[in-house]
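Enquirer: Sequence and computational prediction follow.
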Amino acid sequence: MDFIFYRFIEGKGNFNLIIAANNCNLIKMIKMPSVPSLISLHLQYRLWIAEMNFDINIIRIYNDYLQELRLKVHNPADTSELDKYEKVLMTIRADIDELRNEMHLGKMKLANYVRKENVIDAEQTEEHSSLIKRYSEFRNKFAIVKTDLNDLAAKILPRE
C-alpha cells in the first residue's frame, strides 16, 4: 500500500501530520506540539525542503506548459498574461531558493544547539517562527498561482 504524507498548519507553530493511503482514506492523524522540539523542527524543515524540491519540478513543467500555450495564443492580451506568469514563476523560484537556503541554515543551527545546549532560546524561537510563517505564506501564494495558471490555460485552449 502506498502512503501519502500531508501536513498543514493550524496556528502559530502547530501542525498535524496526516497519514493517508493512496485512496485518500485517513489512516492516522498525529497532533504535533505547539512548541516544537528540536527534532520535530528539524524534521519539519526536511519535509518543507522536500516539498520545495518538488515545487521546483512543478515550476519547470509550468514553464514548459507556458511555452506550449504560447504557440496556441492568437490574442495579444493572452500573450502578455503568459509573460506575466513567466515572471511570477521566476519570482516563486527565487522565493523557493531563498527559503530552502534559510531552512538549511536553520537545520545547521539546530544541530549546533543540540551539541551545545539542547534548548532553543527565545530569539531563535522567533527566528524559526518567522520562517514558518514565511513558508506558509509561500504555500498560499503558490497555490493561487497554480490555480490562476490553470484558469489561463482553460481560457486559451478552447479557442483552438
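Expert: Now that the structure is in, tell me what you want to look at.
Enquirer: quick one: the top helix by length along the chain to chain centroid distance?
Expert: Ranked by residue count under DSSP state H, the longest helix found in the chain is helix 76-116. Relative to its chain's centre, helix 76-116 lies at 9 Å (CA atoms, centre = their mean, to the nearest Å).
Enquirer: Next one: the closest residue to Leu157 other than its chain neighbours from Met52, what distance?
Expert: Among residues not flanking Leu157 along the chain, Lys72 sits closest, at 6.8 Å (CB to CB, 6 or more residues apart in numbering). C-betas here are computed from N, CA, C, even on glycine. Using CB to CB, to the nearest Å, we find Lys72 at a distance of 30 Å from Met52.
Enquirer: Thr79 now?
Expert: 30 Å.
Enquirer: Comparing the two, which residue is more hemmed in?
Expert: Shown here are Thr79 and Met52; by other CB atoms under 10 Å, Met52 has more neighbours (21 against 14).
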